[in-house]
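# one predicted model, sequence on top.
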Amino acid sequence: MNTKIYMLGTGTAVPIRRALPCIALRIDSDIYLFDVGEGCQQRMIKCGLSPVKTKGIFITHLHGDHYLGVFGLLQSMRLLEKKTELVLVAPHELIELIENMIHSGMVRLDFEYDLREIGEGEVYRNNKLSVAAYRVKHGIPSYGYIIRIKEAYTVVYTGDTVPIEKTVEVADRAHLLIHESTFVTADRDEAYKQLHSTAGDAAKIASAAKVRKLVLTHISPRYSDQSEVLYDAYRYFKNVVVAEDYMTIYI
């Protein structure tokens, strides 16, 4: 299989230096999105990823930078004449909102769709991958995702969270851990107050879980030089990169 991960948005709530959170996993011609910040469809198209090829959308939590792009994306899918089914997994409030918008005519979908409320455990499976959710710790109910590609390659994406032991458990010997790293250790008090992680925290989790590679994302715009973020993690885990918008990871 031809498999790539595109880091379409690697920043935080205000897109000063980086775009809003969005990760695209492409397996052959199928696309799966994890969080959908505003403008995600424009970034998809720039990377040669057609919105109509999207099979699944997986939202971690209902802070606006992680889901507000879904409305524009659905509109683009309809205008581009998407024909295949879309599965959308999200907290129940967003599922209810989209259903109400469809019923009121505010959102029109001319393709099959399956809206699923997120919960712990497996939320999606087909012949190419499975996706399971696990609870993380943030200011509102939030989840991370465990993606297993053909049961041979495991990716864990935390979404927004403070460092928790559960991530060590679910990421045990994973091939790739994509961990939020909003702050660096020097700003740890602020990180924990806002229920976020530091790059150092992410690296310690990667080391404890014995993952093969760590990708740091959800980077605060206060860090104009990403070397500060990289160094904070590199002290604890060597095979680490700081994500940049449009960065491609080959699997």
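That came through fine.
# quick check: bridge partners of the residue most central in space within the chain?
For the chain, Phe34 is the residue whose C-alpha lies nearest the centre (C-alpha atoms, centre = their mean; 3.7 Å). Beta-bridge partners of Phe34, counted by DSSP bridges, are Ile23, Phe58.
# that one reaches Met7, doesn't it?
No: Phe34 lies out of contact with Met7 (C-beta atoms under 8 Å); the separation is 10.4 Å. No exception for glycine: its C-beta is placed from N, CA and C like everyone else's.
# just the terminal-to-terminal distance for stretch 195-202.
Stretch 195-202 has an end-to-end distance of 13 Å (C-alpha to C-alpha, to the nearest Å).
# let's test this: mean pLDDT of it, rounded?
Across stretch 195-202, the average pLDDT comes to 98.
# begin at 636 from here
Done: numbering now begins at 636, and the last item shifts to stretch 830-837.
# buried stuff in stretch 741-754?
For stretch 741-754, the neighbour count (16 or more other C-beta atoms under 10 Å) marks Val742, Tyr748, Leu750, Ile753 as buried.
# closest one of these to Cys657?
Relative to Cys657, the closest of the buried residues of stretch 741-754 is Ile753; by C-beta to C-beta it sits at 17.2 Å.
# so what's the closest one up against?
Contacts for Ile753 (C-beta atoms under 8 Å, 6 or more residues apart in numbering) come out as Phe693, Ile694, Val724, Ala725, Pro726, His727, Ala768, Tyr778.
# and the pLDDT for Glu755?
On the pLDDT scale, Glu755 gets 98.
# so what's the residue count around it?
10 (other C-beta atoms under 10 Å).
# verify the stated contact: it with Val771.
No: if you go by C-beta under 8 Å, Glu755 and Val771 don't touch, sitting 10.7 Å apart.
# what touches both of the two?
Taking C-beta under 8 Å, 6+ apart as the criterion, Glu755 and Val771 both touch Tyr778.
# rewinding a little: which ones among the contacts of Ile753 map onto helices?
Among those, the members found in helices (DSSP state H) are His727.
# ok so, going back, which residues are in contact with both of Phe669 and Met642?
Both Phe669 and Met642 are contacted by Ile658, under the criterion C-beta under 8 Å, 6+ apart.
# one step back: mind putting the contacts of Ile753 into JSON lines with pLDDT and distance to Gly704?
Converted to JSON lines, the contacts of Ile753 look like this (pLDDT from 0 to 100; distance: C-beta to C-beta, whole Å):
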{"residue": "Phe693", "pLDDT": "98", "distance to Gly704": "13"}
{"residue": "Ile694", "pLDDT": "98", "distance to Gly704": "10"}
{"residue": "Val724", "pLDDT": "98", "distance to Gly704": "15"}
{"residue": "Ala725", "pLDDT": "98", "distance to Gly704": "12"}
{"residue": "Pro726", "pLDDT": "98", "distance to Gly704": "16"}
{"residue": "His727", "pLDDT": "97", "distance to Gly704": "19"}
{"residue": "Ala768", "pLDDT": "98", "distance to Gly704": "20"}
{"residue": "Tyr778", "pLDDT": "98", "distance to Gly704": "18"}
